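In: Show me the folded form of this:
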Amino acid sequence: MNFNRRFVSVAALAATLFVSASAFAANPDVGGSPMLEEKNIIENALNSKDHTTLVAAVKAAGLVDVLQGKGPFTVFAPTNEAFAALPAGTVDSLLKPENKDKLVKILTCHVIPAAAMAADVTKMAMADGGTHEVTTVGGCKLKLSVKDNMVMIADENGGTAMVTIADVKQSNGVIHVIDHVLLPKM
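Out: The predicted structure is shown next:
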């Protein structure tokens with residue numbers, strides 16, 4: 001009887017540890033670097049080789065302090081390749097001081113004032129018949145959906161981005177890496 005009680009206790013402890021360990025799965029690497037949950041969005045983005053253009057744009061727009069703030073935020077983070085796919089000269093033009101307002105509008109259209117994991121987005125989209133609309137910090141309306149188990153984001157112009165790396169937890173929210181820049185109606 002004593003043996004059975006100990007066996008059950010050990011089995012329960014092992015099951016608890018297994019569930020706990022899976023609940024704290026490591027963040028995915030982004031841009032060849034580990035993304036640490038205890039760091040904020042900016043601290044982690046600075047380490048990603050795939051997001052140097054985004055970091056330069058955030059600095060030029062004066063949004064560093066905002067994205068280091070308490071949050072929570074969900075940031076759809078376009079890669080360098082996503083920015084490079086814009087028409088030639090677009091990024092250079094946006095980084096000029098005289099285009100700061102336009103740059104701020106574009107960047108804040110990639111930020112939702114909540115922490116939304118991919119599973120949350122999937123549930124919201126399913127509950128809304130396949131597409132869930134959200135309003136970004138910049139006032140843009142994005143349409144979130146799921147296709148072939150991948151989160152998709154449609155911008156106000158009908159452009160679509162796919163989440164390529166989901167659920168990168170931050171101390172002040174979550175980042176989802178995307179393959180296209182989302183553009184507001186201007």
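In: just the helices in the chain please.
Out: Taking DSSP state H, the helices of the chain run over residues 2-23, 41-45, 52-61, 64-67, 80-84, 90-94, 100-108, 118-127.
In: which parts of the last one are buried?
Out: Buried positions in helix 118-127, judged by neighbour count with 16 or more other Cβ atoms under 10 Å: 118, 120, 121, 122, 124, 125. (C-beta placed from N, C-alpha, C; glycine too.)
In: Show me what that helix is packed against.
Out: Under the contact criterion of 3 or more Cβ pairs under 8 Å, 6 or more residues apart in numbering; DSSP states H and E, helix 118-127 touches strand 131-135, strand 141-147, strand 150-154, strand 160-170.
In: Could you give me the buried positions within stretch 168-186?
Out: 168-178, 180-184.
In: Apart from its neighbours in sequence, what residue is nearest residue 79?
Out: residue 50 (4.6 Å; Cβ to Cβ, 6 or more residues apart in numbering).
In: what's near enough to touch the one you found?
Out: 30, 31, 32, 79, 80, 81, 177 (Cβ atoms under 8 Å, 6 or more residues apart in numbering).
In: residues contacting the fourth one?
Out: Residue 79 sits next to 50, 51, 54, 164, 177, 178, 179 when contact means Cβ under 8 Å, 6+ apart.
In: close enough to count as contact, the second one and residue 75?
Out: This points to residue 51. No. If you go by Cβ atoms under 8 Å, residue 51 and residue 75 don't touch, sitting 10.1 Å apart.
In: rewinding a little: tell me which two of the buried residues of stretch 168-186 sit farthest apart.
Out: Farthest pair in the buried residues of stretch 168-186 (Cβ to Cβ) is 171 and 183. Separation: 28.8 Å.
In: Pull the contacting residues for residue 72.
Out: Contacts of residue 72 were listed using Cβ under 8 Å, 6+ apart, and they are 113, 114, 115, 172, 173, 174.
In: Next one: it relative to residue 80, how far apart?
Out: As for residue 72, its distance to residue 80 is 26 Å (criterion: Cβ to Cβ, to the nearest Å).
In: And for residue 92?
Out: Residue 92 is 14 Å from residue 80, by Cβ to Cβ.
In: if we can go back for a sec, of all the helices and strands packed on helix 118-127, which one is nearest residue 102?
Out: strand 141-147 (18.0 Å).
In: Okay, now the sheet partners of the closest one, with direction.
Out: According to DSSP bridges, strand 141-147 forms sheet pairs with strand 131-135 (antiparallel), strand 150-154 (antiparallel).
In: Which residues does stretch 41-48 contact?
Out: Residues contacting stretch 41-48 (Cβ under 8 Å, 6+ apart): 30-36, 51, 54-55, 58, 64, 67-68, 71, 73, 75, 77, 168, 170, 172-173, 175.
In: Now do the buried residues in that stretch.
Out: For stretch 41-48, using 16+ other Cβ under 10 Å, the buried residues are 41, 42, 43, 44, 45, 47, 48.
In: Kind regards, and thank you for your time.
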